[in-house]
Every structure is written in C-alpha cells, then in structure tokens.
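>>> Sequence and predicted structure, then a few things I'm wondering about:
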Amino acid sequence: IDLEWKLKPSFIMAAASTPVSPLEIDPPAPAPSQALRRVVLLGNPNVGKSALFNALTGLRATVSNYPGTTVELARGRLSGTDTELIDTPGLNSILPLSEDERVAWELVCEVRDAGGAVVVQVADAKNLRRALLLTLQLGQIEVPSVLVLNMSDEAEARGITIDRKGLEDALGIPVRTTVATRGLGIEAVSAALAEARKPTNHLPLPEDVAGPALELLASGQVPSSAKMTLLARYHEALLAQAGSLVSRFATAGEPPGRALSRQLGRLAVHPVWGWPVLAATLYACYEIVGVFGAGTLVDLLETRFFGGFLSPLATALFAHVPWEPVRDMFVGEYGLITMGLSYGLAIVLPIVATFFIVFSILEDSGYLPRLAVMSDRVFKVMGLNGKAVLPMVLGLGCDTMATLTTRILPTRKERLLTTLLLALGVPCSAQLGVILAMLATVPAPAAAVWLLAVVGVMVAVGWLGSRLLPQADFTQVEHFLRAVRPLPPAVATDPLD
C-alpha cells in the first residue's frame with residue numbers, strides 16, 4: 001500500500017499479500033554525523049524511563065513501581081554534554097489517547113522533523129512484545145531511534161534470554177541492554193546515540209486498515225468511535241508482528257518460584273477471588289496502620305514517653321521561669337511541648353510512618369496496578385476507570401500530590417471528578433492520623449458506619465458528577481489499559497508477552 005501521500009516519500013508499506021521478513025532487509029546506513037541537540041526518552045508505563053533519565057543526567061526524577069509516575073515532562077542535560085534529555089509520560093501506543101500521551105506524540109514528531117534529535121525507546125526486557133509495538137510505530141513514521149532493553153537483570157533472573165544482535169539486525173537500529181537502577185549499560189546507551197537510525201519496518205496490513213490507521217498515526221488525531229474497530233485491528237497486526245520477532249529472538253526459561261507467584265498475581269485480579277485478596281490486603285493495612293500505628297505506637301509515645309517522661313520534665317524545667325505567659329506558651333495546656341510536640345510526634349508521626357511503610361510494600365510488590373484492575377468496575381459507576389485508583393491511594397499520603405497526579409487520567413472530566421472526590425472524602429496522612437486516633441476509641445461497628453457513610457457519599461457524588469459534568473474531547477475512548485508487572489519473583493503466563 002503506497003502511502004507516499006500520507007507519510008514521508010521514502011516510506012512504503014508492504015501489502016498484506018507480500019510480507020517481508022525483517023531479516024531480509026539490510027539495515028540502513030547511519031545518517032551523516034550531526035550535532036546531537038535533543039534526546040527524547042519514550043516507552044511503555046513502568047519500564048524505568050525515569051531511572052534511565054536519572055542515570056544519564058545525574059538528576060533525581062521520581063522513580064516508582066506503578067504507572068503514571070511521570071505526569072509531566074522532566075528535562076535535563078546528558079552528563080558532560082549540552083544535549084537536552086527529556087523524560088516523557090508512559091504510553092502504550094504512539095496514537096495519543098490522552099493529553100499526556102499527546103505531549104509525547106508531539107515530541108516524537110519534533111524528533112522526526114528536526115535534525116540532531118533522536119528517540120531512545122526504553123523497554124522492559126521481560127515484556128518485549130509490548131515494547132516492540134512502539135518500535136514498529138516509530139519505524140512507520142521514520143523516527144531515528146535507539147532501543148534500550150532495561151531491567152535485563154530481572155529478565156535474566158526469570159530465565160529470559162534475548163538475541164540482542166539478531167534483534168538489532170532485524171530492526172535496523174542499535175539495541176542496548178541496561179539495568180538503570182544500578183547504572184549498568186549507561187555508557188553503551190550514550191555511545192549508541194550517535195548510531196541512531198530509523199527502524200526497518202515492513203508490516204503487512206489489510207488495505208481497509210492501513211490507510212485510516214496510518215493517517216491517524218501521522219496526524220495524531222484522536223480516533224473517533226467509528227474508527228476504534230479499525231484501530232483495534234491495527235494494533236492486533238502490530239502485536240502479531242511483534243510476537244513474531246519475539247519468537248525468533250527471545251526465549252523463556254523456567255525460573256524458580258514462577259508458579260507460586262504467577263498464581264498470586266492471577267489471584268489478585270481474579271473477578272471473584274480478587275475481592276477477598278483486596279479485603280485481606282485492606283485488613284492487613286488497617287492492622288498495621290490503624291491498630292499498630294494508631295494504637296500501640298501512639299500509646300507508647302503519647303502516654304509513656306511524653307506523658308510519663310518528656311512533658312513532666314519540661315514542666316519541671318519551665319517551673320523556674322518567672323513569666324507565666326512564657327511557661328504557658330511552652331508547657332501550658334496548649335503549649336508547644338505539651339501539646340505541639342505531643343500531637344505531632346506522638347500521634348501523627350507513628351501513623352504517617354506506618355502508612356508510608358505499608359504503601360511502599362504495596363508499591364514494590366506490584367499490587368497497586370492490580371488494585372487498579374480490580375477497582376475498574378467500581379469506578380465505572382462513578383464515570384471513571386481503574387486508573388483513578390492511583391490518585392485516590394496517593395491522596396491518603398497527600399491530597400495536593402494526588403491532585404497533581406490526576407493528569408494521568410485521559411479526560412478533563414475525569415480529572416475534575418477525581419479532584420472533587422479527593423477533596424470530598426480522601427483524608428491526607430495528617431488527617432488520617434487524627435481520624436484513626438479518634439476511631440481507636442470507638443467500637444468497630446461505629447467505625448464501620450463512618451466508613452460506609454464516607455464511601456456512600458463519594459459514590460453518590462461521583463455518580464451524579466459523571467452525569468452532570470459535560471463530556472470531554474477524549475470520552476469516545478473508554479478502553480482501560482493498565483501495565484501490570486509480575487509479582488516478584490514470577491513472570492506472566494508468557495514472560496515475553
């Protein structure tokens with residue numbers, strides 16, 4: 001199918017009846033050397049782009065084990081050079097289905113149209129097929145690229161081996177392996193930037209799919225509901241081609257502990273058994289934060305340390321101060337020591353500390369994205385999808401930070417609705433500390449009534465808001481995609497898929 005009128009003149013797509021193997025194509029010669037001015041990091045969510053950004057620049061961008069960490073562009077300079085490095089939000093396709101994906105798409109187009117710029121695609125070495133979908137799209141719009149297979153240590157631990165040289169020859173671009181969190185392979189990535197080339201791509205597509213799909217790809221328009229079926233077929237063709245490459249250049253072993261952790265991962269998103277797992281997780285969080293943090297630790301610090309030692313000591317010392325206003329300011333009923341330090345260190349600090357410990361365990365275990373999958377049906381009642389659970393959970397730490405992360409949601413309507421629900425019923429860590437301390441003094445049924453009332457009000461407001469707020473530009477796209485990393489140390493059913 002000749003698409004010279006849609007894309008660059010040099011790009012010709014093979015017809016479905018005449019597929020061409022990537023190995024039959026000699027990789028293009030490197031372009032003439034040109035001063036490198038800009039490097040754009042691109043990749044799926046949760047593949048280590050921010051970790052690679054930190055390693056290449058020496059800066060400190062947020063690195064977390066759940067998608068949506070990068071909700072805006074991070075900019076820096078390659079160490080020792082004047083080359084600008086840009087970290088973009090994660091995306092599953094170059095076709096922009098949300099505003100943060102549109103930002104990434106616009107940067108890709110700038111790289112395609114400008115000299116002295118390349119795209120470094122960061123891929124999870126354990127999920128090669130998903131990453132190659134983006135690589136094939138970069139080839140279709142002819143963007144100079146370097147493919148970085150990150151988390152290669154995790155892939156090796158899971159018995160996955162990749163023929164890097166074979167994959168490099170098939171794609172026609174430099175392919176490098178890294179462990180960004182440990183700084184391994186960073187020098188090789190920096191050296192490969194000068195060798196960036198346009199990926200070789202001859203992808204067979206049905207005639208009724210190729211034109212509309214590639215027109216969307218070249219223009220970056222939001223697909224209408226009428227084109228969603230064609231878009232799905234287009235992505236299926238890309239995944240089939242990516243799967244063919246994976247089957248030729250990657251092999252999967254059988255790492256120890258795979259079966260058990262894979263079963264746990266499936267159980268966490270099971271439509272029936274996933275809810276007991278969620279209930280057990282919430283109960284464990286309550287026991288650690290609500291009972292141990294708000295009960296045991298608060299009692300230890302407030303009653304024994306402050307009440308039995310620090311406050312009496314401070315009162316005895318300030319008894320020698322002749323000015324009563326000064327004594328009252330420090331050790332009075334509302335004094336800085338007897339009340340300020342006591343409330344801050346003895347009540348709020350234990351609860352906030354245990355909450356963030358629990359949150360870090362949930363994050364590093366990979367349960368947060370599975371929680372998003374499980375909560376998708378519940379959030380649909382409120383006009384949202386499971387992706388909104390991430391700002392909600394982050395709101396338990398800080399509502400301001402959670403409000404900023406609503407930018408990962410695809411529509412303005414969803415962002416407004418999530419911000420409303422955050423302000424209405426999600427307490428921050430400081431508020432949570434006071435609430436749990438108060439609930440610790442009431443019977444469990446009373447605490448349950450309070451919780452049901454708050455949740456009921458949030459669901460009711462969300463349901464009404466989803467029907468009253470005007471529709472946004474992106475509301476035709478109702479698909480919910482979530483990157484779910486395997487629970488360590490396991491892999492998915494097909495670790496390369």
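It's in. Bear in mind the structure is a predicted one, so any value in this text is a computation, not a measurement.

>>> Can you give the contact residues for stretch 332-349?
Stretch 332-349 is contacted from outside by 298, 301-302, 305-306, 310-311, 314-315, 328-331, 429-430, 433-434, 437, using C-beta atoms under 8 Å, 6 or more residues apart in numbering. Every C-beta, even on glycine, is put in place using the N, C-alpha and C of the backbone.

>>> for stretch 148-157, same thing?
Stretch 148-157 is touched from outside by 47-48, 51-52, 120-126, 128, 162, 164, 175-180, 182, 184-185, 189, 255, 489, 495, with contacts defined as C-beta under 8 Å, 6+ apart.

>>> Just the buried ones from these, in PyMOL syntax?
Applying 16 or more other C-beta atoms under 10 Å to the contacts of stretch 148-157, the buried members can be selected in PyMOL as follows:
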select buried, resi 47+48+51+52+120+121+122+123+124+125+126+128+162+164+175+176+177+178+179+180+185+189+255+495
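
>>> Out of the contacts of stretch 148-157, list just those in strands.
120-124, 162, 175-177 (DSSP state E).

>>> Export the residues you listed to TSV and append columns for distance to P96 and pLDDT.
As requested, those are exported to TSV (distance: C-beta to C-beta, whole Å; pLDDT from 0 to 100):
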residue	distance to P96	pLDDT
V120	19	94
Q121	16	93
V122	18	94
A123	20	93
D124	21	91
I162	29	91
V175	26	94
R176	27	94
T177	29	93
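
>>> what's the most distant pair in those?
Set against one another by C-beta to C-beta, those have their most distant pair in V120 and I162, with a gap of 17.6 Å.

>>> which residues touch the residue nearest to A114 when sequence neighbours are not counted?
Once its chain neighbours are removed from consideration, A114 has its nearest residue in R38; the separation is 7.6 Å (C-beta to C-beta, 6 or more residues apart in numbering). Taking C-beta under 8 Å, 6+ apart as the criterion, R38 is in contact with 83-86, 110-111, 114, 116-118.

>>> what about burial for those residues, which qualify?
With neighbours counted by 16+ other C-beta under 10 Å, these contain buried members at 83-86, 111, 117-118.

>>> Tell me the one among those residues nearest to M392.
When these are compared against M392 (criterion: C-beta to C-beta), the nearest one is I86, at 29.0 Å.

>>> host element of the closest one?
Counting by DSSP states H and E, the element that carries I86 is strand 84-87.

>>> Not counting that strand itself, show me its contacts.
37-41, 49-50, 53, 56-57, 61, 70, 73-78, 107.

>>> Likewise for stretch 417-436?
The contact list for stretch 417-436, computed with C-beta under 8 Å, 6+ apart, reads 289-290, 293-294, 347-348, 350-352, 355-356, 382-384, 388, 391-392, 395-399, 402-403, 406, 409, 454-455, 457-458, 461-462, 465-466, 469.

>>> That one: how far from the chain's middle?
In terms of C-alpha atoms, centre = their mean, to the nearest Å, the gap separating the centre of stretch 417-436 from the centre of its chain is 22 Å.

>>> got the end-to-end distance for that stretch?
Its start and end residues considered, stretch 417-436 measures 26 Å (C-alpha to C-alpha, to the nearest Å).

>>> what sits up against stretch 269-284?
Outside of stretch 269-284, the residues within contact range by C-beta under 8 Å, 6+ apart are 267-268, 362, 367, 370-371, 373-374, 484.

>>> which regions of the stretch 301-450 of the chain sit below the pLDDT cut-off?
Low-confidence regions of the stretch 301-450 of the chain, defined by pLDDT under 70, span residues 401, 408.

>>> What are the buried residues along stretch 381-388?
382-388.

>>> count of neighbours near W275?
Using other C-beta atoms under 10 Å as the criterion, W275 is surrounded by 11 other residues.

>>> Please spell out which residues along the helix or strand where it lies are buried.
Under the criterion DSSP H and E, the helix or strand holding W275 is helix 274-285. Of the residues in helix 274-285, those scored as buried under the neighbour-count criterion (16+ other C-beta under 10 Å) are 274, 277-278, 281, 285.

>>> Tell me where the protein has strands.
In the chain, strands defined by DSSP E lie at 38-43, 74-77, 84-87, 117-124, 145-150, 160-162, 175-177, 250-252, listed in chain order.

>>> would JSON lines of those with distance to R233 be doable?
Shown next, in JSON lines, are the strands of the chain (distance: least, C-beta to C-beta, whole Å):
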{"stretch": "strand 38-43", "distance to R233": "24"}
{"stretch": "strand 74-77", "distance to R233": "35"}
{"stretch": "strand 84-87", "distance to R233": "32"}
{"stretch": "strand 117-124", "distance to R233": "24"}
{"stretch": "strand 145-150", "distance to R233": "25"}
{"stretch": "strand 160-162", "distance to R233": "28"}
{"stretch": "strand 175-177", "distance to R233": "28"}
{"stretch": "strand 250-252", "distance to R233": "25"}
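
>>> G243: which of those strands is closest?
Nearest to G243 among the strands of the chain is strand 250-252 (10.3 Å), distances taken as C-beta to C-beta.
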